[in-house]
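A.B. asks: Need the 3D shape of this:
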Amino acid sequence: MSDYSERDVQREVTELQAKSATAARLFDIRRIIGGLFVLYGIIVTIAGITASDAEIDKAVGVNINLWTGLGMLALGLFFLAWLWLRPLPPTVPDDTPDGTTPPAE
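C.D. replies: I've put the predicted structure just below:
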């Protein structure tokens, strides 16, 4: 005989679904892309702020590091705002004990 009752199995399945939803929110691609763009944007913006006149002259008078860094910051903040404004919807667990989907009405 099995040591698990139907209720224990349902509880474990519910806990695993909750953990899976948490992992999906944690590793949402918008969070990863947004975080990396913000991080690299800060680094490149600092490089642009501290650029010498010789470096700016190499780029035909345009402080390319500053403009690229600000663009990267804007894109990263866009992704993070998108994540905050439109989070992933919560997963809906199955209500049927046998795991089959209920019939459509």
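A.B. asks: quick one, what contacts the most centrally placed residue in the chain?
C.D. replies: By CA atoms, centre = their mean, the mean C-alpha position of the chain lies nearest to residue 31, the distance being 2.2 Å. By CB atoms under 8 Å, 6 or more residues apart in numbering, residue 31 lies in contact with 79-80, 83. Yep, even glycine has a C-beta here, placed from its N, CA and C like the rest.
A.B. asks: which residues of the chain score low on pLDDT?
C.D. replies: The model of the chain has pLDDT under 70 over residues 1-2, 16-26, 88-105.
A.B. asks: again, 50 this time
C.D. replies: Along the chain, the parts satisfying pLDDT under 50 run over 1.
A.B. asks: got the buried residues for stretch 54-67?
C.D. replies: Buried residues in stretch 54-67, counting neighbours by 16 or more other CB atoms under 10 Å, are found at 56, 63-66.
A.B. asks: Just the C-alpha atoms of the helix or strand harbouring the residue nearest to the centre of the chain, please, in PDB.
C.D. replies: Element membership for residue 31 (DSSP states H and E) is helix 29-49. The C-alpha trace of helix 29-49 is given here as PDB (Å, rounded to 0.1, in the frame of the first residue of the first chain):
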ATOM      1  CA  ILE A  29      13.000  37.300 -19.500                       C
ATOM      2  CA  ARG A  30      12.000  40.900 -19.100                       C
ATOM      3  CA  ARG A  31      13.600  41.000 -15.700                       C
ATOM      4  CA  ILE A  32      16.900  39.500 -17.000                       C
ATOM      5  CA  ILE A  33      17.000  41.700 -20.100                       C
ATOM      6  CA  GLY A  34      16.000  44.800 -18.200                       C
ATOM      7  CA  GLY A  35      18.500  44.300 -15.400                       C
ATOM      8  CA  LEU A  36      21.400  43.600 -17.800                       C
ATOM      9  CA  PHE A  37      20.600  46.700 -19.900                       C
ATOM     10  CA  VAL A  38      20.400  48.900 -16.800                       C
ATOM     11  CA  LEU A  39      23.700  47.500 -15.500                       C
ATOM     12  CA  TYR A  40      25.600  47.900 -18.800                       C
ATOM     13  CA  GLY A  41      23.800  51.200 -19.400                       C
ATOM     14  CA  ILE A  42      25.200  52.600 -16.100                       C
ATOM     15  CA  ILE A  43      28.700  51.400 -17.000                       C
ATOM     16  CA  VAL A  44      28.700  52.800 -20.500                       C
ATOM     17  CA  THR A  45      27.100  56.100 -19.300                       C
ATOM     18  CA  ILE A  46      29.900  56.500 -16.700                       C
ATOM     19  CA  ALA A  47      32.400  55.800 -19.500                       C
ATOM     20  CA  GLY A  48      30.700  58.500 -21.600                       C
ATOM     21  CA  ILE A  49      30.700  61.100 -18.800                       C
END
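A.B. asks: Fine, thanks again, bye for now.
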